[in-house]
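A.B. asks: structure for this input, please:
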Amino acid sequence: MSMPPVSKAKWSRIAVASGLVATAIMAAASTASAQNLPLIRDTEIEGVLSDYAKPIFKSAGLGTGRIKMRIVQNDAFNAFVLDGRNVFVHTGTLMQANTPNEVIGVIAHETGHITGGHMAALRARIAKDQTRSLLAQILGIGLIVAGGVAGGDSANSLGGAGQGLLFGGNEVIMRSLLAERRQQESAADQAGLSFLNATQQSGLGMLTTFERFAAQEYISDAQKEAFARSHPLSTDRLARLRTLVETSQYYSKKDSPDLQLRHDLMRAKLSGYLEKPQVVFNRYPESDQSLPARYARALARFFQGGPGALEASLAQVDGLIASKPNFPYFWEVKGDLLMRSGRNKEAIAPLRQALKLDPNASLIRVQLAGALQEDASPAAVNEAVALLRKSLVDDENSRAFRLLANSYYKQGKRPEADAMIAQAYFLEGDLKQAQLFAKRAQTKLPQGTPEWLKNDDIINYKPQT
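C.D. replies: Numbers count the residues shown, from 1 in each chain. Below you'll find the model as predicted:
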């Protein structure tokens, strides 16, 4: 796995086993640039976001499986689209949003950008222009749209770089582009609200989000949050949005208690995995005996370390399981903490239970296969292969390919193992290594088989310029 540009200390907490699985993905910001986005994979959180998004996507005529919700590991409140296939949401957005409706409002707005073809329009402007200076300025907008995906202090410098580019070159053309962008934001508001109304949901969450950042219109760009930079908000636009929201018949409709609980559990999980233990304990004091608070503290106790940390944390997780035995993600977390402590064999049973409760969870399937890797017996290896092959049908990810390669090596299937490593490198954006392993595998694989064809695609792949 390539290390995303965040501190090693933070990534050492989230890049092991599962629970929150960190990875890196190449996402094109335009036809002329790409950025490494530090993504987090987690079955529970992805499930929540998928349930938020599916009704919106369906009402927008985008189906329910075409667009993926992606989670960017970044503390800033931000969300953005780079193409018509993905909606990116920062962990900071999920942790700062108090209700599901606030996140749903953001998703609805970004869906408005997709249906409006706004990124395609930007790429078309780039394609038409022949001057390097204008291209650089447009890419400046792209940097702002990405909103500081690198994390930490680099987030501010990224936005600053984008702003710096905006003030050079052809001012008339840039004014035209920025005016078009403001129109796109207003159009995305109206489209998003139409999707919310069609799904009988309130637009109050969207309004709350934009009101939160309205004051930032009057401060310098360097001090603005990423969301305020990438979603410019005029007073007139906010007034129009408020009128549309408040006149909707669904204005006062609240999120269901079950959905609110899932939202609160998601936020607690993110806090437990990503924040310093003392921050978690302050956010979720012992006096708070709610399920989300107990969830966050159980994770924080593990990452606090020290004598008995694992045992204390597992005892708290067992308490969560006793309170909600059919919730698969408490079982998953138990397995994850055991794996992080090097007790893979003990992790197998809780992970089996998690998968039993959520049989469609590809990431849990991968995690269980990882726990089985310690057992070199033919039965364990065969089970791991079956789990991984099934997971890759639904969800291709580099960790699954690497684990499958390891299992194939144990089975003596070297060409198949090399083929899996090639696909892992390809997904991680390392084309040179991907082609090296693909060429090595292809000489030994039967010509015309699915694996041979996939490797042939990698060998002949030429990145867009």
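A.B. asks: per-residue confidence averaged over stretch 410-424?
C.D. replies: Per-residue pLDDT values across stretch 410-424 average out to 96.
A.B. asks: next, the buried residues of it.
C.D. replies: Residues 410, 413, 415-424 are the ones in stretch 410-424 that count as buried (16 or more other C-beta atoms under 10 Å). Placement of C-beta: from N, CA and C, glycine included.
A.B. asks: repeat that for stretch 284-300.
C.D. replies: For stretch 284-300, the neighbour count (16+ other C-beta under 10 Å) marks 284, 291-300 as buried.
A.B. asks: now for those: which two are most distant?
C.D. replies: Of all pairs drawn from these, the one with the largest separation by C-beta to C-beta is 291 and 300; the distance is 15.1 Å.
A.B. asks: ok, back up a step: between the buried residues of stretch 284-300, which sits nearest residue 334?
C.D. replies: Relative to residue 334, the closest of those is residue 298; by C-beta to C-beta it sits at 9.3 Å.
A.B. asks: roughly how far does the closest one sit from residue 73?
C.D. replies: Using C-beta to C-beta, to the nearest Å, residue 298 is found at 21 Å from residue 73.
A.B. asks: and the helices in the stretch 301-450 of the chain?
C.D. replies: If DSSP state H, counting those that start in this stretch is used as the criterion, the helices of the stretch 301-450 of the chain fall at 309-323, 328-340, 344-357, 362-372, 378-394, 398-410, 414-428, 431-442, 450-459.
A.B. asks: and the longest one, average pLDDT?
C.D. replies: The predicted model assigns helix 378-394 a mean pLDDT of 96.
A.B. asks: what lies in contact with that helix?
C.D. replies: Judged by C-beta atoms under 8 Å, 6 or more residues apart in numbering, the contacts made with helix 378-394 from elsewhere in the structure are 360, 362-363, 365-366, 368-369, 372-373, 375, 400-401, 403-404, 407-408, 410-411.
A.B. asks: helix/strand/coil for the most centrally placed residue in the chain?
C.D. replies: By C-alpha atoms, centre = their mean, the mean C-alpha position of the chain lies nearest to residue 71, the distance being 1.5 Å. Under the three-state scheme (DSSP: H, G, I helix; E, B strand; the rest coil), the conformation of residue 71 reads as strand.
A.B. asks: so what's it up against?
C.D. replies: Contacts for residue 71 (C-beta under 8 Å, 6+ apart) come out as 39-42, 45-46, 49, 88-91, 94.
A.B. asks: buried subset of these?
C.D. replies: Using 16+ other C-beta under 10 Å, the buried ones in the contacts of residue 71 are 39-42, 45-46, 49, 88-91, 94.
A.B. asks: mind putting the residues you listed into a markdown table with pLDDT, secondary structure and distance to residue 308?
C.D. replies: Written out in a markdown table, the entries for those read as follows (pLDDT from 0 to 100; DSSP: H, G, I helix; E, B strand; the rest coil; distance: C-beta to C-beta, whole Å):
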| residue | pLDDT | secondary structure | distance to residue 308 |
| --- | --- | --- | --- |
| 39 | 88 | strand | 33 |
| 40 | 92 | strand | 28 |
| 41 | 93 | strand | 30 |
| 42 | 96 | coil | 27 |
| 45 | 97 | helix | 29 |
| 46 | 96 | helix | 32 |
| 49 | 97 | helix | 35 |
| 88 | 92 | strand | 39 |
| 89 | 94 | strand | 36 |
| 90 | 93 | strand | 34 |
| 91 | 95 | helix | 29 |
| 94 | 97 | helix | 31 |
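A.B. asks: could you point out which of these is nearest to residue 242?
C.D. replies: If you rank the buried ones among the contacts of residue 71 by distance to residue 242 using C-beta to C-beta, residue 89 comes first, at 23.5 Å.
A.B. asks: excluding residues flanking it in the chain, which one is nearest the closest one?
C.D. replies: Ranked by C-beta to C-beta, 6 or more residues apart in numbering and with sequence neighbours excluded, the top spatial neighbour of residue 89 is residue 79, at 4.7 Å.
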